[in-house]
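Trainee: Give me a 3D structure for the following:
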Amino acid sequence: MFVNHKKRIKPNEFHEITDRQSKDHQFCSFMNTDNKNLTSRRDFLKTTGTIVAASTLAGITLPHVHAASSDTIHVALIGCGGRGTDAVRQALSTTSGPIEVVALADVYEGHVKNSYNSLKDGFKDKVQVPEDHKFVGFDAYKKAMDCLKPGDVAVFATPPAFRWVHFSYAIEKNLNVFMEKPVTVDGPTCKKMFKLGEESVSKNMKVGVGLMCRHCKARRELHDRIKDGQIGDIILLRAYRMAGATGTAACPPKPADKTDLMYQIDRFHGFLWSGGGAVSDFLIHNIDECSWMKDAFPVKAQASGGRHYRGNCVDQNFDEYSIEYTFADGAKLYLEGRCIDGCFGDHSSFAHGSKGSAIISTGGHMPSHASLYKTISPKKEGLIWQFPEPEPNPYQLEWDELISAIREDKPYNEVKRGIEASLVTSMGRMAAHTGQIITYDQFLNNPHEFAPGLDGITAQSPAPLQPGADGKYPIPEPGIKKDREY
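Mentor: Okay, here's the model as predicted:
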């Protein structure tokens, strides 16, 4: 993950936030739709424990995939860019017992080298990666996981297109997993991951998904207070991720020294098959934290968006997205996303209830400034509660909790919720790209798999997305292509 080191907003500043403004913003680089099936994190963990217990009662022997506090947990990183390297830093910063990184893998040799040097500078004694444990290539993920024993941890921080491929091998090897978000980008891969998630639960694997806001102590207390009825029933949620140029969302023409395949992997924010585009990578946190406060995921979406200042860019993204999500009870989540330089910026989420309102987050992912108000909008004079600063780092908390669950052999599996968050994010993206209302089931059952056969891909394989004669790639055409995004 790209940890964003933001300027912190002073506690007395964020009370002056109006409907769509805050005073300080910086940004990161970057089934069934019935209520009974839209489970919360807490319900899912309860379900996980039930499944594990049922498996045991049925006579299924679950493998020993945890480590005692005195055991050294080994970590292999697959995907050595900024996200993956930061994730391993947090893994090595846990304090519940000995832990070491022992293998690195990527399709780019430079990524492996840079990640190793960065980790070695900060954690000299915990980085035990000899030269023959540094792997490069499309099969490097297998070689890295082969360096681990059952119960160790594989970290997946490649573009999400490869998540199901890597997760399949981790299940085969009985490894615990931390995977970055999003975990899927289309309906067929959602179905694959749902099945793999069920298998990982049956094998007692501990699996974390990089939606770190769920581990934020401030947001957790906010969630509990909302569930206690302190702002009444949630009627409306609002979220904004409005920034300038972000990550690799805008892609200039491919350089001559790179293949289409390697270019699309390198600039994965720009291509739907590899990364799900700007919506899936940049907006998922806002969508997930709002859904958490509602204790449900949306069941349908309608949206709009457009391409404006594209110049010679060849990526598949719109420059702005406006998505209206609807929950099963009729409540709404309005989401605004934009990547255009020179415009007003905002990165925040809000909840409005029948008795008041809440700041879920403002000014970015951390600190959240979670707070409750008796007024319809978050205003200082209506404040009834706010979480005290400093807030613990949720990026670190998610790793502390995963490693503790491994050592204590507690049920811990975030795959199902991670898929659902990825699915509804992509559902909104598809609504914008097609110009149609898209339901949860419609997205899940849409047969368009962006990149089939990734479990057999090599450096010589053709890219899943091919350019036209002008060197440009297919783009969404709302109202023209109605049943697929390109």
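Trainee: Identify the bridge partners of G306.
Mentor: For G306, the beta-bridge partners under DSSP bridges are E320.
Trainee: tell me the phi and psi of S322?
Mentor: In terms of degrees, to the nearest 10, the main-chain angles of S322 are phi -130, psi 110.
Trainee: Following element in sequence after the worst-scoring helix or strand of the chain on mean pLDDT, please.
Mentor: Least confident helix or strand, the chain: helix 41-57 with a mean of 38, by mean pLDDT, DSSP states H and E. The element immediately downstream of helix 41-57 (helix or strand, assigned by DSSP states H and E) is strand 73-78.
Trainee: Just the residues contacting that following strand, thanks.
Mentor: The contact list for strand 73-78, computed with CB atoms under 8 Å, 6 or more residues apart in numbering, reads 67, 84-85, 87-88, 91-92, 97-106, 115, 140-141, 144-145, 147-149, 151-158, 166, 403, 406-407. Heads up, the C-betas are built off the backbone N, CA and C, glycines and all.
Trainee: gap between it and the chain center?
Mentor: 19 Å (CA atoms, centre = their mean, to the nearest Å).
Trainee: and whichever strand or helix holds F135, what does it pack onto?
Mentor: Per DSSP H and E: F135 is located in strand 134-136. For strand 134-136, the elements it packs on are strand 99-106, helix 109-122, helix 140-145, judged by 3 or more CB pairs under 8 Å, 6 or more residues apart in numbering; DSSP states H and E.
Trainee: can you give me the strands for the stretch 251-400 of the chain?
Mentor: 300-306, 320-326, 332-339, 346-353, 357-362, 371-373, 383-386 (DSSP state E, counting those that start in this stretch).
Trainee: From K355, how far off is A459?
Mentor: A459 is 58 Å from K355, where distance means CB to CB, to the nearest Å.
Trainee: actually K410, sorry about that
Mentor: From K410 across to K355, the span is 36 Å (CB to CB).
Trainee: pretty sure R83 contacts E180?
Mentor: Yes: counting by CB atoms under 8 Å, E180 is a contact partner of R83 at 5.5 Å.
Trainee: Settle it for me: which of these two has more neighbours?
Mentor: Counted by other CB atoms under 10 Å, R83 and E180 do not tie: E180 has more neighbours, with 25 against 21.
Trainee: which residues of the chain fall in helices?
Mentor: With helices called from DSSP state H, the chain shows them at 41-57, 82-92, 109-122, 140-145, 163-172, 187-202, 217-227, 260-266, 272-275, 277-282, 284-294, 394-408, 415-434, 440-445.
Trainee: Residue ranges of each domain in the chain, please.
Mentor: According to automatic domain parsing, the chain comprises the domains 1-33+216-392+413-486, 35-213+399-412.
Trainee: So for the residue nearest the centre of the chain, what pLDDT did the model give?
Mentor: Nearest residue to the geometric centre of the chain (CA atoms, centre = their mean): K181, 2.3 Å. Note on K181: pLDDT of 98.
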